[in-house]
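>>> predicted structure and sequence below. I'll ask about it afterward.
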Amino acid sequence: MANPLPKVPVVIVGMGWAGGIIAAELAKAGIKVVGLERGKKRSTEDYFMVHDELRYAQRYEMMQDLSKETITFRNTEKARALPMRTYGSFLIGDGLGGAGVHWNGQTYRFLPYDFQIKSMTVDRYGAGKIPEGMQIQDWGITYDELEPYFDKFEKTAGISGEKDTHPNAPSGQATIRRGR
Ligand SMILES: Cc1cc2nc3c(=O)[nH]c(=O)nc-3n(C[C@H](O)[C@H](O)[C@H](O)COP(=O)(O)OP(=O)(O)OC[C@H]3O[C@@H](n4cnc5c(N)ncnc54)[C@H](O)[C@@H]3O)c2cc1C
């Protein structure tokens with residue numbers, strides 16, 4: 001029988017990066033939030049072992065169990081979507097923290113140009129540079145507007161590095177890419 005719990009203003013289903021960040025921001029704003037996570041909680045102690053390749057790399061211990069609940073996938077618009085029974089490179093996280101628990105930590109910042117490809121191309125080379133029918137657009141948001149959030153995420157995710165490894169890092173700020 002269902003066990004009714006006290007009502008709260010916000011319930012978030014899934015505690016990965018997205019759900020976790022939203023929950024944290026709402027809580028900081030004084031809003032009571034409950035996060036529901038289908039997978040288990042893991043702590044540092046769970047990793048005190050010799051790397052278990054069978055468990056993690058072959059049996060995908062940290063990913064959604066496709067034998068219990070799968071997703072459907074199609075390669076073209078007209079193809080029939082079929083259930084995925086085995087994983088390819090697209091892996092779905094499971095457990096508190098979601099895929100962020102085992103991601104690679106590569107968080108490259110986009111460049112100002114990436115957000116304003118159209119207007120910056122026109123400014124520099126003229127409207128004639130864009131071929132007729134080419135559907136490029138600016139994002140509607142600029143690098144400068146997003147920069148505080150890049151900074152905030154890097155601090156949240158504990159990403160470290162040298163400021164001169166990134167051309168857009170604000171001066172005096174250590175931001176970075178960590179990766180392989
Ligand atoms: C191996 C790997 C490496 C990666 N490396 C990078 C990288 O280097 N850089 C980068 O930017 N991105 C990387 N990514 C992608 C990045 O990790 C994901 O895009 C990000 O973690 C997604 O966050 P999310 O909160 O949207 O979803 P998820 O992390 O998938 O979180 C969703 C959560 O919801 C839970 N959930 C789902 N359904 C339910 C339900 N019905 N009830 C309750 N809970 C539910 C799941 O268990 C999961 O915890 C990587 C991903 C993988 C798999």
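Yep, it's here.

>>> quick check: residues of this protein near the ligand?
13-19, 36-39, 91-95, 98-100, 102-107 (CB under 6 Å from any ligand atom). Heads up, the C-betas are built off the backbone N, CA and C, glycines and all.

>>> ranges for the helices of the protein?
17-28, 53, 112-115, 117-125, 143-156 (DSSP state H).

>>> domains in the chain, by residue range?
Structurally, the chain divides into domains by automatic domain parsing as follows: 53-99, 104-180.

>>> so what's the closest residue to Thr142 other than its chain neighbours up against?
Spatial nearest neighbour of Thr142, excluding adjacent residues (CB to CB, 6 or more residues apart in numbering): Phe115 at 5.3 Å. Taking CB atoms under 8 Å, 6 or more residues apart in numbering, we find Phe115 in contact with Asp138, Trp139, Ile141, Thr142, Tyr143, Leu146.

>>> tell me how far Phe115 lies from Arg55.
Noted for Phe115: a distance of 42 Å to Arg55, by CB to CB, to the nearest Å.

>>> burial count for Tyr47?
10 (other CB atoms under 10 Å).

>>> my bad, Val34
14.

>>> that one: what's it in contact with?
Leu5, Val8, Val10, Val11, Ile12.

>>> apply 7 Å and report the result again.
Residues in contact with Val34, defined by CB atoms under 7 Å, 6 or more residues apart in numbering, are Val8, Val11.

>>> show me the beta-bridge partners of it.
Beta-bridge pairing for Val34 (DSSP bridges): Val11.

>>> what's the local residue count around Lys73?
I think there's a mix-up here, since residue 73 is Phe and not Lys. 12.

>>> quick one: low-confidence parts of the protein?
Along the chain, the model assigns pLDDT under 70 to residues 160-180.

>>> all strands for it, in order.
10-13, 33-36, 72-73, 82-83 (DSSP state E).

>>> quick one: contacts of the last one?
Spelled out, it's strand 82-83. By CB under 7 Å, 6+ apart, strand 82-83 touches Thr70, Thr72, Phe73.

>>> let me know the closest of those residues to the ligand.
Closest approach between these and the ligand, by CB to the nearest ligand atom: Thr70, at 12.3 Å.

>>> quick check: beta-bridge partners of the residue lying closest to that closest one once chain neighbours are set aside?
Once flanking residues are discounted, Thr70 sits nearest to Pro83: 4.4 Å by CB to CB, 6+ apart. Beta-bridge partners of Pro83, counted by DSSP bridges, are Thr72.
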